[in-house]
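K.L.:
I would like to see how this sequence folds:
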Amino acid sequence: MPLPADVTTLLLDIEGTTTPVDFVFKMLFPYARDRVADFLATHGTNPEVQADLELLRQEYAQETAAGVPAWTGEDAIAAVPYIHWLIDSDRKSTGLKSLQGKIWQQGYASGEIKGQLFADVVPAFQRWQAAGLAIAIFSSGSVQAQKLLFGYSEAGDLRTYLSGYFDTRTGPKREATSYTAIAAQLGQAPQQILFVSDLPAELEAAAAAGFQTRLSVRPGNASVEIGDWLPIHNFDAL
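P.N.:
Predicted structure coming up:
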């Protein structure tokens, strides 16, 4: 399934597309969960951390889900039970993702964490760049977390291959308006962008915005209904 001739930009999801799901759920999430209390005790008064906590307070004020832990008290540590609940729920929270990125930064810098990628990712990056194609990332993880994963990857610093990073500050991944905004920021017509993700709901939103799409079917990904989506099992197909 060759890359369509009119594509000039590849927009890639991370989890289940460039990176094994297990790396996110068995390494990154537990790392942040185990360290968030100590991190907030040390850095809770930092203005950037305070901004994350304010986003979380706004989200908490609108919570309607069952089982949400109480958030009482004004100090940063008081947020920990709610943060743990968000992590355990795999909530796509902008404040949470930003805070996690700050915690992961310490792990990457210390060498405790190395960004994991599927074996075909780096050769694909090299091939696409040589062909004059742009490569960008759209993930629910923060832009900071994206840059850390690719900057401290097991294959070295891969950020020179990437020309754009987008997270939920651009918009939800399941809304077409997010992809319209990304196309505008990339300066490309939607039809010139190929979005690859493991989630059909995200592909549906991208297709509604005029993007071309491929469904990532990787080892460890959740089983999904392929339907009319064009599946790829690795980037060798592109």
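K.L.:
put the alpha carbons of stretch 60-69 into CSV.
P.N.:
Taking C-alpha atoms only, stretch 60-69 is exported to CSV below (Å, rounded to 0.1, in the frame of the first residue of the first chain):
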residue,chain,number,x,y,z
TYR,A,60,-12.5,18.9,38.6
ALA,A,61,-15.2,21.5,39.0
GLN,A,62,-17.0,20.1,36.0
GLU,A,63,-16.6,16.4,36.9
THR,A,64,-19.7,14.3,36.5
ALA,A,65,-18.1,10.8,36.5
ALA,A,66,-18.7,8.4,39.3
GLY,A,67,-16.0,7.6,41.8
VAL,A,68,-14.2,10.8,41.6
PRO,A,69,-12.1,11.3,44.8
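K.L.:
all helices of this structure, in order?
P.N.:
21-22, 29-43, 47-61, 80-88, 94-110, 121-130, 143-151, 176-186, 200-208 (DSSP state H).
K.L.:
closest one to Thr9 among the ones you listed?
P.N.:
Shortest distance between Thr9 and the helices of the chain, using CB to CB, is found for helix 176-186: 5.8 Å. Heads up, the C-betas are built off the backbone N, CA and C, glycines and all.
K.L.:
how is this protein partitioned into domains?
P.N.:
Here the domain parsing of the chain from automatic domain parsing is 9-19+115-237, 24-110.
K.L.:
now the longest one, how far from the centre of its chain.
P.N.:
The reference is to domain 9-19+115-237. 9 Å (CA atoms, centre = their mean, to the nearest Å).
K.L.:
quick check: which of the helices of the chain is buried the most?
P.N.:
helix 143-151 (a mean of 22; mean count of other CB atoms under 10 Å).
K.L.:
least confident of the domains of the chain, on average?
P.N.:
Lowest mean pLDDT of those: domain 24-110, a mean of 93.
K.L.:
tell me the span between the first and last residue of that domain.
P.N.:
End-to-end distance for domain 24-110, by CA to CA, to the nearest Å: 18 Å.
K.L.:
and if you look at stretch 147-167?
P.N.:
11 Å.
K.L.:
quick check, central residue of this protein?
P.N.:
Ser139 (2.5 Å; CA atoms, centre = their mean).
K.L.:
for Ala70, see how far away it is.
P.N.:
31 Å (CB to CB, to the nearest Å).
K.L.:
wait, isn't Gly67 in contact with Trp85?
P.N.:
Yes: applying CB atoms under 8 Å as the test, Gly67 and Trp85 come out as touching, 7.4 Å apart.
K.L.:
what's the burial count for the closest residue to Lys114 other than its chain neighbours?
P.N.:
The shortest distance from Lys114 to any non-neighbouring residue, by CB to CB, 6 or more residues apart in numbering, is to Glu154 (4.7 Å). Glu154 has 10 neighbouring residues, counting by other CB atoms under 10 Å.
K.L.:
so Glu154 touches Leu117, yeah?
P.N.:
Yes: at 6.8 Å, Glu154 counts as touching Leu117 under the criterion of CB under 8 Å.
K.L.:
rewinding a little: residues contacting the closest residue to the residue nearest to the centre of the chain other than its chain neighbours?
P.N.:
In space, and not counting its chain neighbours, Ser139 is closest to Ile14: 4.3 Å by CB to CB, 6+ apart. Going by CB atoms under 8 Å, 6 or more residues apart in numbering, Ile14 touches 24, 137, 139, 141, 146, 149.
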